[in-house]
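# model this:
(one chain, ligands or ions: 1)
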Amino acid sequence: MRKFILAAASVAALTFVGPASAQSPIVIKFSHVVASDTPKGKAADKFKELAEKYTAGKVKVEVYPNSTLYKDKEELEALQLGAVQMLAPSNSKFGPIGIKEFEVFDLPYILPDLKTLRKVTDGPLGARLLKLLDNKGMTGLAYWDNGFKQMTANKKLVAPSDYKGLKFRIQSSKVLEAQFRALGAIPQVMAFSEVYQALQTGVVDGQENTWSNIYTQKMHEVQKFATTTNHGYIGYVVVVNKKFWDGLPADVRDQLSKAMKEATEFGNGQSAKENEDALADIKKAGKTEIVSLTPEQDEAMRKAMMPVYKDVASRVGQPLIDEFLKETDRSPMN
Ligand code: LMR
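Below is the predicted model:
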């Protein structure tokens, strides 16, 4: 696949014609791994619509959903090489390219709701994190929401001890690895596009994801139980190839920034509802039992996962974790 990315990158370099002319619109390939009918899919389609409208056709945005172009790690390499121009990977996926700090968003129970999240992403910490992308050949344009994660498995998951010995698919984040180890489970990194089959064939026993991702990937059809835990957050960093972005005519960049701002408001304004709707659809499908936790069971889960904060402090950075908690003005235990 690396060979293919390199080949695609050189074609992209040859065909990039600089400022747009009437005959040759500037093409933005926007690759992502989820279905179109999800918070990220809809925000990407909205960006396409607005970008093409505001640039009056000078820019054409091609959205490639569902890993049709690249899988998780490949898409970041492809962006760095210029084979695609735009992506929105989850915060959990930047570790393998050497940016560990976004994994702070993966800490269990670090965010109680999206309003609190916004304090971080719209504040100085959010801006500083985006700046880290610069020396990796990317520019961070926005934070997009998905929502809160739930646990699924073929076993009913209520107490921390229920996780013991089970294999869970995780995204490529060391924080998520530590989280499942804290529960006595066995984490296994796997690309998003491979999860359904891995669950179906028993390569892994369970996984964590948002209701919208669970529903649109049909995971509920191959998992007997889903527990409403809301124990973690999935959100995205919209990134663009820095060379491409800096090389755009200033007026086009301004129009695209405006389109991005509005697509972000649109997407983030409806992500919670999309996850609620997906949960309703999962219930309607009747293939997986939805398990709720009592306040005592919820507390036991929080307690079991708290060692993760210490386990990953040296990786993510204790000062960063402290600053995050200070900005959100809370403790993950409640
Ligand atoms: C996952 O890999 O589980 C998610 O990050 C996929 C996504 O982009 O929402």
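
# can you map out the strands along the protein?
Ranges of strands in the chain, per DSSP state E, are 26-31, 59-64, 86-87, 138-148, 150-153, 167-170, 186-189, 206-209, 225-228, 233-241, 289-292.

# CA atoms only: put stretch 37-48 into CSV for me.
Extracted in CSV, the C-alpha atoms of stretch 37-48 (Å, rounded to 0.1, in the frame of the first residue of the first chain):
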residue,chain,number,x,y,z
ASP,A,37,-24.4,8.8,7.3
THR,A,38,-22.4,9.7,10.5
PRO,A,39,-21.4,12.9,12.2
LYS,A,40,-18.0,13.0,10.3
GLY,A,41,-19.5,11.8,7.0
LYS,A,42,-22.2,14.5,7.1
ALA,A,43,-19.7,17.3,8.1
ALA,A,44,-17.4,16.3,5.2
ASP,A,45,-20.3,16.4,2.7
LYS,A,46,-21.3,19.8,4.1
PHE,A,47,-17.8,21.1,3.7
LYS,A,48,-17.8,19.9,0.1
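
# any idea how far the closest residue to Ala198 other than its chain neighbours lies from Gly165?
Excluding its sequence neighbours, the residue lying closest to Ala198 (Cβ to Cβ, 6 or more residues apart in numbering) is Val204, at 4.8 Å. For every residue, glycine as well, the C-beta is placed using N, CA and C. Counting by Cβ to Cβ, to the nearest Å, the gap from Val204 to Gly165 is 12 Å.

# ditto for Thr294
Taken as Cβ to Cβ, the span from Thr294 to Gly165 is 24 Å.

# now Thr264
Here the criterion is Cβ to Cβ. By it, Thr264 lies 41 Å from Gly165.

# equivalent analysis for Ser67, please.
Remark: distance between Ser67 and Gly165 (Cβ to Cβ) = 30 Å.

# try Ile214
Distance of Ile214 to Gly165, given as Cβ to Cβ: 23 Å.

# those two: who's more crowded?
Shown here are Ile214 and Gly165; by other Cβ atoms under 10 Å, Ile214 has more neighbours (26 against 10).

# next to the ligand, which bits of the chain? Give me the list.
Those residues of the chain that sit near the ligand, judged by Cβ under 6 Å from any ligand atom, are 33-34, 40, 90, 146, 171, 192, 209, 213, 234.

# just the ones in helices from those, please.
40, 213 (DSSP state H).

# got CSV for the residues of the chain next to the ligand, with pLDDT, neighbour count and distance to Gly98 too?
Output for the residues of the chain next to the ligand, formatted as CSV (pLDDT from 0 to 100; neighbours: other Cβ atoms under 10 Å; distance: Cβ to Cβ, whole Å):
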residue, pLDDT, neighbour count, distance to Gly98
Val33, 97, 28, 20
Val34, 97, 26, 24
Lys40, 98, 28, 23
Ser90, 98, 25, 16
Asn146, 98, 26, 24
Gln171, 98, 26, 16
Phe192, 97, 22, 21
Asn209, 98, 24, 25
Asn213, 98, 27, 26
Ile234, 98, 25, 21
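
# determine which two of the residues of the chain next to the ligand are furthest apart.
Lys40 and Gln171 (13.8 Å; Cβ to Cβ).

# surely the residue nearest to Ala198 touches Glu194?
No - Val204 is not in contact with Glu194 according to Cβ atoms under 8 Å; the separation is 9.6 Å.

# for these two, indicate the residue with more neighbours.
Higher neighbour count among Val204 and Glu194: Val204, with 20 against 15, using other Cβ under 10 Å.
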